[in-house]
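**Student:** Fold the stuff below for me.
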Amino acid sequence: MDEKVTALCENFITNRDTIKKVFKGESLYIYPVAANALTSHGVTADIEKLKESKKIIKKNAGALSYLKGNVLMPFAANLSMKEDPKAHFDKVLKIYNYAKKKFNRSEYSALLAIMLADLTNEASFEAVLDRGKDIYDLMKNEHPFLTNENDSVLAGLMALSEKSNTELIDDMEKCFDLLKIKYSNKSSIQSVSHVLSLTQGSAHEKVEKLNDLYDSLRDAGKKYGVYTELSTLAAVSILDSDIDKMRDTIIEIDDFLSKQKGYGLLGLDKKTRLMNATMLSTNLYDTAQIAQSTFTASAIAIAAAQSLAVCVIITSAIATNTMASAT
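**Tutor:** Next up, the predicted model:
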């Protein structure tokens, strides 16, 4: 196993287990997402910093705030890495309050605010959210019955793209039509089409690369999920690397995780484990280097695309969790 991959995986498990000590009895699906928030930055979890970040959120978010829902753990992990966690919390809250004006009050708006706090500055987040709402409305026009709250996260990230709204939607629709040939779940392929629209290249090339990666994993005995999981694979497929390398890295990580506590009979299932492995694999790609590739639109688009691997997993957990509260 490659040393870099081994170090990544070991750090991930350490972070997950440390987070479990601070957040006990929470969703098994969220722990890996929170752990990856730290692992993706090469950071090892600090219990005291996590506790302090948790306290900041609990104290300042409001009694019924969605910032204290399913996003609490990854949000606390994110804050624990900041030089001034309270100041960063204030930034997230400011973005969240504006996001609620553009979209519905929900955990998706909270998640989008957390993600945009790292991808935008104080002067730009309102324009990004304004544009995100315009993109969301265009999505709704194209697919009125498929588009729902979780698409607001993707719309917000698409608003970071250098492409025009028309280019994004046109590309999205072309990808959607091509994806329908192979995959049957329209809600899933809509999310995938959003991911693929972030990058340059023809719709055919992008869908073909995703299909090749999916088939390559299947041929290697790794059956990848075709529902919420597929968007995570799409986020990896847009990166500037060949299929064989992507497949081998995902398999290496998945094999490592299969031997870890929490991924067995009483833990996460094989499809979720493979999705976690795919999420982790995005951390091995250098954003600055990728941004120079003609395959990508810009550094910020790729940063958003890599964030989608995390976004998909947590939105999946939100959709199946009944603990959501109103604010």
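**Student:** switch to C-alpha atoms for all contacts and neighbour counts from now on
**Tutor:** Noted.
**Student:** low-scoring stretches of the chain, by residue?
**Tutor:** Low-confidence segments of the chain (pLDDT under 70): 286-309, 312, 316-327.
**Student:** Residue 279: which element?
**Tutor:** If you go by DSSP states H and E, residue 279 is part of helix 270-281.
**Student:** Also residue 18?
**Tutor:** Residue 18 is part of helix 3-22 when elements are defined by DSSP H and E.
**Student:** now the angle from that helix to helix 270-281?
**Tutor:** Here helix 3-22 points in a direction 110 degrees away from that of helix 270-281 (axes from the mean of the first three to the mean of the last three C-alpha atoms, to 10 degrees).
**Student:** contacts for helix 3-22?
**Tutor:** Contact with helix 3-22 is made by 31-32, 34-36, 38-39, 42, 44-47, 50-51, 73, 249, 252-253, 256-257, 280, 284, as judged by C-alpha atoms under 8 Å, 6 or more residues apart in numbering.
**Student:** give me every residue that touches residue 85.
**Tutor:** 53, 79.
**Student:** again with residue 88
**Tutor:** 79, 82, 117.
**Student:** now do 7 Å
**Tutor:** residue 79 (C-alpha atoms under 7 Å, 6 or more residues apart in numbering).
**Student:** And it, how close does it get to residue 229?
**Tutor:** For residue 88, the distance to residue 229 equals 30 Å [C-alpha to C-alpha, to the nearest Å].
**Student:** still on that earlier bit, list the ones among the contacts of helix 3-22 that fall in strands.
**Tutor:** Taking DSSP state E, every one of the contacts of helix 3-22 sits outside strands.
**Student:** Cross these against helices and list the overlap.
**Tutor:** Secondary structure from DSSP state H places 31-32, 34-36, 38-39, 47, 50-51, 73, 249, 252-253, 256-257, 280 of the contacts of helix 3-22 in helices.
**Student:** For ChimeraX, write the select line for the buried members of those residues.
**Tutor:** In ChimeraX, a selection of the buried entries from the ones in helices among the contacts of helix 3-22 looks like this (16 or more other C-alpha atoms under 10 Å):
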select :31,32,34,35,36,38,39,47,50,51,73,249,252,253,256,257,280
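**Student:** the helices in the stretch 201-327 of the chain, which residues?
**Tutor:** Ranges of helices within the stretch 201-327 of the chain are 203-219, 230-237, 243-257, 270-281, 287-291, 299-320, based on DSSP state H, counting those that start in this stretch.
**Student:** nearest to residue 102, of those?
**Tutor:** helix 299-320 (18.6 Å; C-alpha to C-alpha).
**Student:** Residue 283: neighbouring residues, count only.
**Tutor:** 18 (other C-alpha atoms under 10 Å).
**Student:** from memory it sits against residue 41, does it?
**Tutor:** No. Contact criterion C-alpha atoms under 7 Å: residue 283 and residue 41 do not qualify, at 8.1 Å.
**Student:** Is the nearest residue to residue 165 once chain neighbours are set aside within a helix or a strand, and which one?
**Tutor:** Of all residues not flanking residue 165 in the chain, residue 135 sits nearest, at 6.4 Å (C-alpha to C-alpha, 6 or more residues apart in numbering). Using DSSP H and E, residue 135 sits within helix 125-142.
**Student:** Return the distance of the next helix or strand after that helix from the chain's centre.
**Tutor:** Moving toward the C-terminus from helix 125-142, the next helix or strand (DSSP H and E) is helix 151-158. Relative to the chain's own centre, helix 151-158 is displaced by 11 Å; criterion: C-alpha atoms, centre = their mean, to the nearest Å.
**Student:** Could you report the separation of residue 258 from residue 114?
**Tutor:** Residue 258 is 30 Å from residue 114, by C-alpha to C-alpha.
**Student:** Tell me which of those two has more neighbours.
**Tutor:** It is residue 114, of residue 258 and residue 114, that has more neighbours when counted by other C-alpha under 10 Å, with 24 against 17.
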